[in-house]
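[1] no sequence on hand, only this structure:
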């Protein structure tokens with residue numbers, strides 16, 4: 001997996017290398033595509049052209065709840081909280097790996113290194129900042 005911030009092109013893809021060839025999950029253009037080793041391409045969402053898109057589905061579910069209908073558990077804030085917990089759990093390892101990567105690039109001025117340095121400063125200042133986002137006290 002290659003993660004690039006502020007790249008020249010917006011590309012969101014995950015490639016799994018297997019003995020049978022590479023499989024790609026490409027979200028660059030919604031709804032995404034699954035591409036097999038032979039170039040076989042299938043939609044990431046076979047209902048994309050016939051069903052409501054994500055925003056339409058969310059609005060429909062919201063209006064249904066407002067009208068007294070059942071809550072769609074797929075829209076639960078618990079999913080966002082779980083994602084935030086995962087990000088918090090991997091942050092120390094990410095920061096440590098980033099610091100190791102930056103040690104070998106002390107004199108580099110390429111865009112990736114400059115971005116990583118700026119991010120590292122943000123990580124470290126946030127860690128010691130008693131006023132976090134949302135804290136108005």
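    Perfect, thanks for sending it. As the structure is a prediction and not an experimental result, all values here were calculated from the model.

[2] what comes up buried for the lowest-mean-pLDDT helix or strand in the chain?
    Scoring the helices and strands of the chain by mean pLDDT, DSSP states H and E places helix 111-127 at the bottom, with a mean of 78. For helix 111-127, the buried set under the neighbour-count rule, 16 or more other C-beta atoms under 10 Å, comprises 113, 116-117. Just so you know, the C-beta spots here come from the backbone N, C-alpha and C atoms, and that holds for glycine as well.

[3] likewise stretch 24-44?
    Counting neighbours by 16+ other C-beta under 10 Å, one finds that the buried residues in stretch 24-44 are 26, 33, 35.

[4] okay, now the closest residue to the first one other than its chain neighbours: neighbour count?
    Meaning residue 26. By the measure of C-beta to C-beta, 6 or more residues apart in numbering, the closest residue to residue 26 outside its immediate chain neighbours is residue 13, 4.3 Å from it. Burial of residue 13 is recorded as 14 neighbouring residues (other C-beta atoms under 10 Å).
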